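Participant: What follows is a protein structure lacking sequence information:
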C-alpha cells in the first residue's frame, strides 16, 4: 500500500504563487523505493475532477490547456516526491488539488492523496 500526502495549499491573492508537494511513503520498502509517474488533479465544488498536469519517469510533462505557462510539475525520485508550482493564480484555480501515483506509468492512477485546498481571492 502506498500513501500519498500533499502539502502546500493555502489562500492567496490573484496573481500569487504556491508550490504544492506530494510525498509517497509505504511500509513496504520495495514500493517505497520504486519510482513512479505522477499526476496532479483538481476538483472545485460542483465541478468534475480534472487533470492538471503529469510527469513521467523521464521528466516528460503534460499540462491542461488552462494551466499551461502558469503551472510547472516536477518530481524528485530520490525523495519520492512530486511538486506542482503554480503561479499567476486566478480565482478559477480555486479547488482541492490531489496528487496521484501511477506505478506502471500506464495512465492509470492507483494511489491518491487526500487533497490540499487552494483558494484564490480576487
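Facilitator: It's in. Computed from a prediction, not measured in an experiment: that's the story for all the values here.
Participant: Mind listing the residues bridging to the residue at minimal distance from the centre of the chain?
Facilitator: Closest to where the C-alpha atoms of the chain average out (CA atoms, centre = their mean) is residue 40, at 3.1 Å. Under DSSP bridges, the beta-bridge partners of residue 40 are residue 53, residue 99.
Participant: how near is it to residue 33?
Facilitator: 22 Å (CB to CB, to the nearest Å). (Glycine included, C-beta is placed from N, CA and C.)
Participant: Residue 105 reaches residue 37, doesn't it?
Facilitator: Yes: with contact defined as CB atoms under 8 Å, residue 105 counts as touching residue 37 (4.0 Å).
Participant: Looking at these two, which has the bigger crowd around it?
Facilitator: Of the pair residue 105 and residue 37, residue 37 is the one with more neighbours under other CB atoms under 10 Å, namely 22 against 15.
Participant: just the strands in this structure please.
Facilitator: For the chain, the strands defined by DSSP state E occupy 3-7, 10-13, 18-25, 37-43, 50-55, 61-63, 71-76, 81-86, 95-102, 111-112, 116-121.
Participant: can you redo these as JSON lines with mean pLDDT?
Facilitator: Output for these, formatted as JSON lines (pLDDT from 0 to 100):
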{"stretch": "strand 3-7", "mean pLDDT": "95"}
{"stretch": "strand 10-13", "mean pLDDT": "97"}
{"stretch": "strand 18-25", "mean pLDDT": "95"}
{"stretch": "strand 37-43", "mean pLDDT": "97"}
{"stretch": "strand 50-55", "mean pLDDT": "97"}
{"stretch": "strand 61-63", "mean pLDDT": "97"}
{"stretch": "strand 71-76", "mean pLDDT": "96"}
{"stretch": "strand 81-86", "mean pLDDT": "96"}
{"stretch": "strand 95-102", "mean pLDDT": "97"}
{"stretch": "strand 111-112", "mean pLDDT": "96"}
{"stretch": "strand 116-121", "mean pLDDT": "97"}
